[in-house]
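> give me a model of this one.
(one chain, ligands or ions: 1)
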Amino acid sequence: HKGSEWWRHAVIYQVYPRSWADSDGDGLGDLPGITGRLDHLVELGVDALWLSPFYPSPQADAGYDVADYRNVDPIFGQLEDADKLIGEAHARGLKLIVDLVPNHTSSAHEWFQEALASEPGSPARNRYVFRDGKGANGDQPPNDWSAVFGGSAWQRVTELDGTPGQWYLHLFDPAQPDLNWDNPEIRADFVKTLRFWLDRGVDGFRVDVAHGLIKQRDLANWHYPIGGATGDGVEGRRAPMWDQDEVHEVYREWRQVLDSYEGERILVAEAWVQPAERLAAYVRPDEMHQAFNFEYLEAHWSAAAQRSVIGRSLAANGAVGAPTTWVLSNHDVLRHASRLGLPIGTPRPDGIGIGDPQPDPVLGLRRARAATLLMLSLPGGAYLYQGEELGLPEHMTMPDEARQDPTWERSGHERRGRDGCRVPIPWEADAPSYGFGPTDASWLPQPELWAEYALDRQRGVPGSTYELYREALRRRRELGLGSGELTWDADVSDPVLSFVNGGVRVLTNFGPDDAVLPDGAEVILTSHPLETPGRVPSDVTVWLRA
Ligand code: TEU
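I've put the predicted structure just below:
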């Protein structure tokens, strides 16, 4: 039977456990800290939370290097803290989904340790992608793939007899060896992990690198950078390490497992896959429920770019009866309050570093508020990244000695790294660590300006970003925004975007001049105050009674 399909237009809030709330004062966020602040999510008005990994890990990639899929790392708490958090979320009517990282384990995982201690060709080695090197002494990597974080995607090991040995594949950090998803033992163990967390009551999984897992068996050369999109159409070929058709077999098996549980448990694909039609292949009644729309996240701030990506996304997903899922920020990319404040045409935000065009904080926040209201009025589901409800910008001046992200030095993030979007959240402006924890400890330094963004500086303050988010979410639910269809206003052209959804006319002005509202237009909500009634200034979104 069809359930409520709660996920079709849910608003899901990403909690990055390291940086949301620290209960024991060690400067690292933890599960009891999250439990202690769940009421914030109820007040904000979201439907669910998604937790980034909190599993045992050496933290080489901030927990996306998992050493045990069925446990909790002591820095975040114990298994019973996870059980309590799940229970407390449900008691508040919140759904809770967790992260699953199937493409690779940590090199500290017992499987990889066993593989290192085993012979080439052994079953232990066959859990991963080990190959002999090329060249006279096997001292060349098996192919020319680069890793997302830069450098070769292959690392050589030393065999038991001390001689240089085979190479193993790691599409990300060398501490993240790729699993061999052709191996039935791997598939079986991940079903065990799904059941482990489903039995504890989680409402689903966000699947990390969902476009990885299966690689072209011949591991054919691919001399292009592999970060970001799947290299579609390069030389007319598909990238051999991303988005292989057989990956869908895995998700069809997982969907059957989830559907055997009560309560419509969901799968969300983190798949950096383009074009939209290839991404829509992950969202099926017998596969995943949602897929992050990264093409939307990366779209430039202009009417033409937004209209194009929104139209294509809705068409591609609509063609398969699937919901589209919108997202503007996460723990991997420049926060959109900074990204949208950059001069249009600045290269992909990941490359932002010292000396690059710096974002304009006033313009950035203005555009971020407009973009959020635009996103929340689109048909489908929406993801909010922790702190965006406070208008948090990127911490752009992270002192070198404070850097933690392993990708600072490597391509794709080489001039920025991702720490700047992971700085612990400011809750109370005058408290130590701005209320992140009971002491002033914080695993990443919080800038002075965090005080003015703190929750207790915005709560109850008319016009604050926090109150805008609360009102937008309340209105969205009340007016049925996010469900139904979108109808473009054909008589409105660039630089103004205008459409109707759920009985609401949504209008965003991307141009330098004011946009004039039709006479008698009833304004429901605006991303910024209208200085002159009936006139919408640049970079403002308004919701009108249709
Ligand atoms: O990210 C997947 C991924 O491919 C991203 O690194 C993306 O390619 C890049 O950021 C685009 O700029 C997931 C997690 O979200 C990320 O935190 C992990 O580092 C990565 O997988 C490896 O697990």
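> which residue, other than its chain neighbours, is closest to the residue of the chain found nearest the ligand?
Nearest residue of the chain to the ligand: Tyr64, at 3.4 Å (Cβ to the nearest ligand atom). (Glycine included, C-beta is placed from N, CA and C.) Nearest non-adjacent residue to Tyr64, counting by Cβ to Cβ, 6 or more residues apart in numbering: Val101, 5.5 Å away.
> double-check that Gly63 belongs to a strand.
No. Assessed with DSSP: H, G, I helix; E, B strand; the rest coil, Gly63 is coil; it does not lie in a strand.
> show me what contacts it?
By Cβ atoms under 8 Å, 6 or more residues apart in numbering, the contact set of Gly63 is Pro17, Arg18, Ser52, Pro53, Phe54, Tyr55, Ser57, Asp73.
> below-threshold pLDDT in the stretch 351-500 of the chain: ranges please.
Scanning the stretch 351-500 of the chain for pLDDT under 70 picks out 351-354, 408-416.
> list the contacts for the residue positioned nearest the centre of the chain?
When Cα atoms, centre = their mean is applied to the chain, the residue found nearest the centroid is Asn330 (4.4 Å). By Cβ under 8 Å, 6+ apart, the contact list for Asn330 reads Gln14, Phe292, Leu297, Tyr383, Tyr385, Cys421.
> can you give me the strands in the stretch 401-546 of the chain?
Secondary structure of the stretch 401-546 of the chain (DSSP state E, counting those that start in this stretch): strands at 486-488, 496-501, 504-509, 515-516, 523-526, 535-536, 540-545.
> can you redo those as a markdown table with mean neighbour count and distance to the ligand?
Below are the strands of the stretch 401-546 of the chain laid out as a markdown table (neighbours: other Cβ atoms under 10 Å; distance: least, Cβ to the nearest ligand atom, whole Å):
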| stretch | mean neighbour count | distance to the ligand |
| --- | --- | --- |
| strand 486-488 | 14 | 28 |
| strand 496-501 | 21 | 26 |
| strand 504-509 | 24 | 26 |
| strand 515-516 | 17 | 33 |
| strand 523-526 | 18 | 31 |
| strand 535-536 | 20 | 33 |
| strand 540-545 | 22 | 26 |
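> who wins for proximity to Tyr469 among those?
With Cβ to Cβ, the closest approach to Tyr469 among the strands of the stretch 401-546 of the chain belongs to strand 523-526: 10.9 Å.
> note down every partner strand of that closest one and its orientation.
Sheet pairing for strand 523-526, assigned by DSSP bridges, gives strand 540-545 (antiparallel).
> so can I have CSV of the strands of the stretch 401-546 of the chain showing distance to Leu258?
Converted to CSV, the strands of the stretch 401-546 of the chain look like this (distance: least, Cβ to Cβ, whole Å):
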stretch, distance to Leu258
strand 486-488, 29
strand 496-501, 29
strand 504-509, 33
strand 515-516, 45
strand 523-526, 36
strand 535-536, 44
strand 540-545, 35
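> Glu287: which of the ones you listed is closest?
With Cβ to Cβ as the criterion, Glu287 lies closest to strand 486-488 of those, at 24.2 Å.
> and that closest one, what other elements does it pack with?
When contacts are defined as 3 or more Cβ pairs under 8 Å, 6 or more residues apart in numbering; DSSP states H and E, strand 486-488 packs onto helix 303-318, strand 496-501.
> and the shortest one, how far out from the chain's middle?
For strand 496-501, the distance from its own C-alpha centre to the chain's C-alpha centre is 26 Å (Cα atoms, centre = their mean, to the nearest Å).
> now do it: everything it contacts.
Residues outside strand 496-501 that contact it (Cβ under 8 Å, 6+ apart) are 303, 306-307, 374, 377-379, 481-482, 484-489, 492, 505-511, 515, 546.
> residues contacting Pro379?
Neighbours of Pro379 in contact, by Cβ under 8 Å, 6+ apart: His9, Leu314, Pro323, Thr324, Gly482, Ser483, Gly484, Glu485, Leu486, Asn501.
> just give me the closest of those to Arg255.
Lowest distance from Arg255 to those (Cβ to Cβ) belongs to Pro323, with 15.2 Å.
> neighbours of that closest one, how many?
Pro323: 22 surrounding residues under other Cβ atoms under 10 Å.
> who touches it in this structure?
By Cβ under 8 Å, 6+ apart, the neighbours of Pro323 are Trp7, Arg8, His9, Val283, His289, Gln290, Asn317, Pro379, Gly380, Gly381.
> and the second one, its phi and psi?
Backbone torsions for Arg8, taken as degrees, to the nearest 10, come to phi -60, psi -40.
> how much space separates it from Trp154?
As judged by Cβ to Cβ, to the nearest Å, Arg8 and Trp154 stand 42 Å apart.
> swap in the last one?
In this structure, Gly381 and Trp154 are separated by 38 Å, where distance is defined by Cβ to Cβ.
> please apply the same query to the first one.
Plainly put, Trp7 is 38 Å away from Trp154 if you go by Cβ to Cβ.
> many thanks, have a good one.
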